[in-house]
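In: Take a look and give me a structure for this.
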Amino acid sequence: MSGTKDEERKGSSSEWRDAFWNPRTHELLGRTASSWGLILLFYLVFYLFLAGMFVLTMYIMLLTLDDYKPTWQDRLSTPGMMIRPKGDQLEIRFSVSETESWDGFIQNLNTFLSPYNDSYQVQMNDNCAPDQFFIQEDSGEVRNNPKRSCQFNRTMLEECSGISDRFYGYSRGQPCVLIKLNRVIGMLPGKDGQSPYVTCGAKCYRPLHRGLKCHAILTVGCSSATSLSTVSSATSLPHRGSPSATSLLLPGSSATPFPTVVV
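Out: Alright, predicted model coming up:
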């Protein structure tokens with residue numbers, strides 16, 4: 001009985017070895033060398049074909065794209081705006097006596113305004129005539145790319161440029177808040193020849209069964225929200241919150257600076 005069991009064990013182990021490598025037929029995992037070569041060649045050609053199809057479709061898609069202007073655009077009535085420095089939930093809270101509470105805002109503004117240095121703007125953008133659109137047309141099939149923008153110099157922000165006051169007024173409790181307009185390609189800003197402007201006022205609403213309530217749209221304060229009278233007397237730069245229309249005309253280059261207004 002023991003001899004029979006030993007023979008069965010040897011037979012089963014021999015079958016497992018033959019399934020992996022059969023020395024009699026020279027088969028590896030049931031396939032000969034020529035069979036393995038053919039199947040590997042098939043999968044090589046198959047995956048090369050898939051890779052070629054992917055590269056071809058990507059190449060055709062890239063041919064339809066413009067490096068300087070998106071193929072499809074949404075029609076926006078007004079451009080989006082953001083404020084700088086970035087605060088928590090669009091609120092800028094700090095204490096004048098606690099420098100660590102506004103030190104991060106100073107660093108944020110320094111980083112944001114660095115592309116607007118006068119020396120950098122002279123190299124990258126043109127000095128355009130005021131209140132005139134700087135339109136750079138293409139010449140037939142010869143495209144005038146890359147287009148240049150009008151200069152938006154940091155010194156236009158005066159005391160909020162960070163040059164004369166490197167703390168942007170935060171150390172004096174008179175902080176500078178920058179309003180950044182998002183880029184909208186092809187938009188001609190202004191109306192009836194007038195440049196667009198930024199105002200600070202009050203937003204009023206009437207809750208159900210209650211009186212009229214008003215809140216300041218832009219609140220710049222320390223411990224409490226600024227009153228509506230304070231907001232109405234806030235100073236706007238440049239040109240009282242009305243940047244030149246030329247500085248808002250963006251040709252679509254990714255290097256184009258965003259126009260900025262300071263309140």
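In: where along the stretch 101-250 of the chain do the helices fall?
Out: Ranges of helices in the stretch 101-250 of the chain, per DSSP state H, counting those that start in this stretch, are 118-124, 228-232, 245-248.
In: lowest-confidence stretch among those helices?
Out: Note on the helices of the stretch 101-250 of the chain: helix 228-232 shows the lowest mean pLDDT, a mean of 41.
In: which stretches of the stretch 51-200 of the chain have low pLDDT?
Out: 74-79, 90, 131, 140-142, 144, 190-200 (pLDDT under 70).
In: for the chain, longest helix please?
Out: The longest helix of the chain (DSSP state H) is helix 33-63.
In: name the helices or strands packed onto that helix?
Out: Packed against helix 33-63 by the contact rule (3 or more Cβ pairs under 8 Å, 6 or more residues apart in numbering; DSSP states H and E) you find no helix or strand. All C-beta atoms are positioned from the backbone trio N, CA, C, and that covers glycine.
In: in the sheet, who's paired with Leu181?
Out: Applying DSSP bridges to Leu181 gives these bridge partners: Met81.
In: For it, give its distance to Met82.
Out: With distances taken as Cβ to Cβ, to the nearest Å, Leu181 is found 9 Å from Met82.
In: Tell me which of the two has more neighbours.
Out: More crowded of Leu181 and Met82, by other Cβ atoms under 10 Å: Leu181, with 22 against 12.
In: how much space is there between the more buried one and Gly104?
Out: Leu181 sits 23 Å away from Gly104, going by Cβ to Cβ.
In: now Glu91
Out: The value you get for Glu91 to Gly104, if Cβ to Cβ is used, is 14 Å.
In: do Asp138 as well
Out: The span separating Asp138 from Gly104 equals 44 Å under the rule Cβ to Cβ.
In: and what of Pro146?
Out: According to Cβ to Cβ, Pro146 and Gly104 sit 34 Å apart.
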